[in-house]
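A.B. asks: build me a structure from this.
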Amino acid sequence: PFDPSISSSFEVAWVGETDFHIEYGSGNVNGKFGVDTVTLADDYTVENQKFAVVHSTDGLGDVYNKAKFDGILGLAFPNISTMGYGAKTFIANLKDQAG
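C.D. replies: Purely as a prediction, here's the structure:
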């Protein structure tokens, strides 16, 4: 799992709304928004990617405890993103930053 304390480039998100609460069909999660350099599969890197750092998955119960994953790569359209503020997905930022 992602640990902000060991990242040299992680920052808590922009001024304003930093906490989040998301209700999935399987349960609730909450945490804080952050910004960092994100690399996927050692090949694709996006700088200043905004994302949610989950602090509590208590609402997911056994679903989270039994699953084998480190996180979720959100692919929501910017206009329905929980982050708001025009936050782009990793894929949209990858396209923009690749030129």
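A.B. asks: dump the worst-scoring helix or strand of the chain on mean pLDDT to PDB, keeping only the CA atoms.
C.D. replies: Across the helices and strands of the chain, mean confidence by mean pLDDT, DSSP states H and E is lowest for helix 62-66: a mean of 76. Extracted C-alpha coordinates of helix 62-66, given in PDB (Å, rounded to 0.1, in the frame of the first residue of the first chain):
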ATOM      1  CA  ASP A  62     -14.300  -8.500   4.800                       C
ATOM      2  CA  VAL A  63     -14.300  -7.300   1.200                       C
ATOM      3  CA  TYR A  64     -11.100  -5.300   1.700                       C
ATOM      4  CA  ASN A  65      -9.500  -7.800   4.200                       C
ATOM      5  CA  LYS A  66      -9.900 -10.800   1.800                       C
END
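A.B. asks: do you have the helices of this structure handy? List them.
C.D. replies: Ranges of helices in the chain, per DSSP state H, are 62-66, 90-98.
A.B. asks: okay if I get those as CSV plus mean neighbour count and distance to residue 56?
C.D. replies: No exception for glycine: its C-beta is placed from N, CA and C like everyone else's. What follows is these, written out as CSV (neighbours: other CB atoms under 10 Å; distance: least, CB to CB, whole Å):
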stretch, mean neighbour count, distance to residue 56
helix 62-66, 11, 10
helix 90-98, 14, 23
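A.B. asks: can I get these in TSV with distance to residue 24?
C.D. replies: Output for the helices of the chain, formatted as TSV (distance: least, CB to CB, whole Å):
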stretch	distance to residue 24
helix 62-66	9
helix 90-98	19
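A.B. asks: tell me which of those sits nearest to residue 37.
C.D. replies: Of all those, helix 90-98 sits nearest to residue 37, with 10.7 Å by CB to CB.
A.B. asks: would you mind checking the average pLDDT for that closest one?
C.D. replies: For helix 90-98, mean pLDDT is 89.
A.B. asks: before I go, just wanted to say thanks for your time.
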